[in-house]
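# got a sequence here, can you model it:
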Amino acid sequence: MIKFIYVILMNLFRAPYMIPKMRREADHPEKYSEEERYELARHVIRLMKVTGAIHTKAYGTENLPEEGGYMMYPNHQGKYDALGIIYTHRKPCSLVMDKAKSNTILVKEFVDLVQGKRLDKKDVRQALTIINEVSEEVKAGKRYILFPEGGYDFNNRNHVCDFKAGSFKIALKTKAPIIPVALIDSYKVFNSFWLGPVTTQVHYLKPIMYDEYGKLKTQEIAALVRDRIQEKIDEILPPISAPV
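Numbers count the residues shown, from 1 in each chain. Predicted coordinates:
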């Protein structure tokens, strides 16, 4: 949280120029292409990374399908998670975000730049509408990020919680590839007491195709995707010693 405040303060001098620019491009998709808006979002992330001494390494980008839409399901660690994915994902992608957290300054501009969807967890009808909208866009070739944990703990230390089964209704409706995404040390950026330079990792795992998950229940898909992510994290990180 301290680093988040630091990064915001160090970039305040850019705000009078960057925020109106982000707002202008987000509000006029007829003038600015999806690629232009996405590159602006990545440029702003790049400025934040430089200011905060944040380094993000991507692995497994060769696993991302070249054509067609797909759903990316990452573990959730904090405010930097989506930024780290967008920065390392070269082709435009979007995200589904909790409506309650999506309307603060700068977050609002990011969500609108990538034409993200705001999901109201308290409104079942609205949530169903969002699921249907995202499903149609994925069928049309769009790529989406959705965090199936639904939230995160402060300073979560790479802990992966259970995935919510409902998050995978979109995949079943679209029959699109599921891309598990393992995030490592992303929590250190804006959701811990870490102040120094930080290196995060984004691991794009092999796609899970409809042939593999199509006959499973949503609860089973959720467990499958979570297990793939947990296996990758366990493979990368040293085992944690048991308390003495």
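
# ok, for the residue nearest the centre of the chain, nearest residue in space, not its chain neighbours?
The centroid of the chain falls nearest to residue 82 when counting by C-alpha atoms, centre = their mean (3.1 Å). Sequence neighbours aside, residue 95 is the residue nearest to residue 82 in space, at 5.4 Å (criterion: C-beta to C-beta, 6 or more residues apart in numbering). All C-beta spots, glycine's among them, are computed from the backbone N, C-alpha and C.

# pretty sure that neighbour sits in a strand.
Yes. Assessed with DSSP: H, G, I helix; E, B strand; the rest coil, residue 95 lies in a strand.

# pull the contacting residues for it.
82, 86, 111, 114, 116, 117, 144, 145, 146 (C-beta atoms under 8 Å, 6 or more residues apart in numbering).

# give me the distance between the residue nearest to the centre of the chain and residue 111.
Applying C-beta to C-beta, to the nearest Å, the value for residue 82 to residue 111 is 9 Å.

# between those two, which contacts overlap?
What both residue 82 and residue 111 touch, as defined by C-beta under 8 Å, 6+ apart, is the set 95, 97.

# just the CA coordinates of stretch 214-224, formatted as CSV?
C-alpha atoms of stretch 214-224 as CSV (Å, rounded to 0.1, in the frame of the first residue of the first chain):
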residue,chain,number,x,y,z
GLY,A,214,-16.5,-29.3,-21.7
LYS,A,215,-18.0,-32.3,-19.9
LEU,A,216,-17.0,-31.1,-16.5
LYS,A,217,-19.1,-29.3,-14.0
THR,A,218,-18.1,-25.7,-13.2
GLN,A,219,-16.9,-26.8,-9.7
GLU,A,220,-14.6,-29.3,-11.4
ILE,A,221,-13.3,-26.8,-13.9
ALA,A,222,-12.6,-24.4,-11.0
ALA,A,223,-10.6,-27.1,-9.2
LEU,A,224,-8.7,-28.1,-12.4
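
# all further residue positions should be reported with the first residue as 16.
OK, 16 is where the count begins now, so the last one is stretch 229-239.

# go through the contacts of residue 110 and flag which are in helices.
97, 101, 126 (DSSP state H).

# pLDDT score for the nearest residue to residue 184 once chain neighbours are set aside?
Nearest residue to residue 184, sequence neighbours excluded (C-beta to C-beta, 6+ apart): residue 146, at 5.7 Å. Each residue has a pLDDT score; the one for residue 146 is 96.

# residue 146 and residue 183 touch, don't they?
No. With contact defined as C-beta atoms under 8 Å, residue 146 does not reach residue 183; the gap is 10.5 Å.

# can you report how many residues neighbour residue 156?
11 (other C-beta atoms under 10 Å).

# so it sits right up against residue 81, yeah?
No. Judged on C-beta under 8 Å, residue 156 makes no contact with residue 81 at a distance of 11.4 Å.

# can you check the pLDDT for the closest residue to residue 219 other than its chain neighbours?
Spatial nearest neighbour of residue 219, excluding adjacent residues (C-beta to C-beta, 6+ apart): residue 75 at 3.9 Å. Per-residue pLDDT puts residue 75 at 98.

# with residue 240 instead?
In this prediction residue 240 is given a pLDDT of 98.

# ok, the residue nearest to residue 219 - contacts?
Residue 75 touches 218, 219, 220, 221, counting by C-beta under 8 Å, 6+ apart.

# with residue 113 instead?
Counting by C-beta under 8 Å, 6+ apart, residue 113 has contacts 133, 134, 136, 165, 166.

# pull the helix or strand with minimum mean pLDDT from this structure.
Every helix and strand of the chain was ranked by mean pLDDT, DSSP states H and E. The lowest is helix 17-25, at a mean of 90.

# which other helices and strands does that helix contact?
Applying 3 or more C-beta pairs under 8 Å, 6 or more residues apart in numbering; DSSP states H and E, one finds that helix 17-25 contacts helix 49-67, helix 202-205.
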